[in-house]
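Trainee: pasting the sequence and the predicted model now:
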Amino acid sequence: MKRAVIAVVLLLLFGAARLPYEIHLQKLQHQAGFNSTSLDLPLRQQLGQMSFVAALSGFRSLVAAILYIDAYDTWQKLEWGRLAGLLQTVTTLQPKSIVYWDMAAWHMAWNASIAALENKAQPSKILREREQRKYWELGKKFYEDGLRNNPDSAELWKNLAVLERDKFEDHAAAAKAFETSSTKPNAYPYVRRFAVYELAKIPGREHEAYDRLKALYAEGRSERSPTLIHLLKQLEEKLGIPADQRIKETNAH
């Protein structure tokens, strides 16, 4: 007990010394448009006394790292509810970490959702599917919250697009997210094509998709993927493109 009291006192002293710097840094972050961590009562309840004091004293990254290790152990135990809470705390403490947001979304939208669908303790398929979708939504929220804090992250935009495409089958949302990702620094070259692939699946936007696919095709071999050629040929048939204006490739899959 005595050691714990001493530890708390030392952390508080250190925090008091850092407080002017922390206030100045928080003002600079706010001016730059960053959403900084709010050390409020809900976070205090999530962390517990010692971890909250440590975070208050400037050790947010250390507390987040420790909780992330705990989250890994929780994942191995398949404790999905507790895992979601831990990941929420980790991302709250370190909102500028792309890795934390990405892993949190992945655990919820893929691992937890699959576990919910395959839960043998729940005999109702309808309830299992409802639980599965709940984790999809939670994963999406992690991506959206992560992007509010990191709007220029090509990685988070790309992975949000994959979630919209593979889980929700929302091709319009996926196309928009892929498109946004393609405009960000360090974007993967292929996300431009992926945005148009999704566009081609949206009813009523076939002409726009055809024009954009044809423009990519015209850029040269590096853009002429089997999927692009396949979609172009499909749209040529659907839109009744004259034979002399169609592409010549025959290796569509």
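Mentor: Arrived safely. Numbering: from 1, shown residues only.

Trainee: mind listing the helices for this protein?
Mentor: 2-31, 41-47, 49-56, 60-76, 80-93, 98-106, 113-117, 125-149, 154-163, 171-182, 191-199, 206-218, 226-239 (DSSP state H).

Trainee: ranking those by mean pLDDT, which is last?
Mentor: Per-stretch mean pLDDT for the helices of the chain is lowest at helix 49-56 (a mean of 42).

Trainee: on that earlier part again, I'd like the helices of the chain as TSV, with mean neighbour count and distance to Gln245 appended.
Mentor: Using the backbone N, CA and C atoms, a C-beta is placed for each residue, glycine as well. Shown next, in TSV, are those (neighbours: other Cβ atoms under 10 Å; distance: least, Cβ to Cβ, whole Å):
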stretch	mean neighbour count	distance to Gln245
helix 2-31	12	54
helix 41-47	14	60
helix 49-56	18	63
helix 60-76	17	53
helix 80-93	20	50
helix 98-106	21	42
helix 113-117	17	44
helix 125-149	18	40
helix 154-163	23	31
helix 171-182	21	25
helix 191-199	22	18
helix 206-218	16	9
helix 226-239	16	8
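
Trainee: save those as TSV, and put in distance to Lys248 too.
Mentor: Shown next, in TSV, are the helices of the chain (distance: least, Cβ to Cβ, whole Å):
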stretch	distance to Lys248
helix 2-31	55
helix 41-47	61
helix 49-56	62
helix 60-76	50
helix 80-93	50
helix 98-106	41
helix 113-117	43
helix 125-149	40
helix 154-163	31
helix 171-182	27
helix 191-199	20
helix 206-218	11
helix 226-239	10
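
Trainee: which one of those helices lies nearest to Glu249?
Mentor: For Glu249, the closest of the helices of the chain is helix 226-239, at 5.0 Å, according to Cβ to Cβ.

Trainee: neighbouring contacts of the closest one?
Mentor: Helix 226-239 is contacted from outside by 193, 196-197, 200, 206-207, 209-210, 213-214, 216-217, 241, 246-247, 249, 251-253, using Cβ atoms under 8 Å, 6 or more residues apart in numbering.

Trainee: next one: that helix to chain centre, how far?
Mentor: 30 Å (Cα atoms, centre = their mean, to the nearest Å).

Trainee: contact partners for the closest residue to Tyr188 other than its chain neighbours?
Mentor: With Cβ to Cβ, 6 or more residues apart in numbering as the criterion, Tyr188 has its nearest non-adjacent residue at 6.5 Å, and that residue is Lys158. Applying Cβ under 8 Å, 6+ apart, we find Lys158 in contact with 177-178, 181, 187-188, 191.

Trainee: can you tell me how far Lys158 sits from Leu87?
Mentor: Lys158 sits 20 Å away from Leu87 when distances are taken as Cβ to Cβ, to the nearest Å.

Trainee: next: Thr227.
Mentor: 33 Å.

Trainee: who touches the closest residue to Arg192 other than its chain neighbours in this structure?
Mentor: If the residues on either side of it in the chain are set aside, Arg192 comes closest to Ser182, at 4.6 Å by Cβ to Cβ, 6+ apart. Contact analysis of Ser182 by Cβ under 8 Å, 6+ apart lists 154, 191-192, 195.

Trainee: same thing but at 10 Å, please
Mentor: Contacts for Ser182 were tallied using Cβ atoms under 10 Å, 6 or more residues apart in numbering; they are 154, 157-158, 161, 188-196.

Trainee: and it, how close does it get to Ala161?
Mentor: 10 Å.

Trainee: thinking again about what came up before, any chance of the contacts of Lys158 in TSV with distance to Leu231 as columns?
Mentor: Putting these into TSV (distance: Cβ to Cβ, whole Å) gives the following:
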residue	distance to Leu231
Ala177	19
Phe178	14
Ser181	19
Ala187	21
Tyr188	19
Val191	16
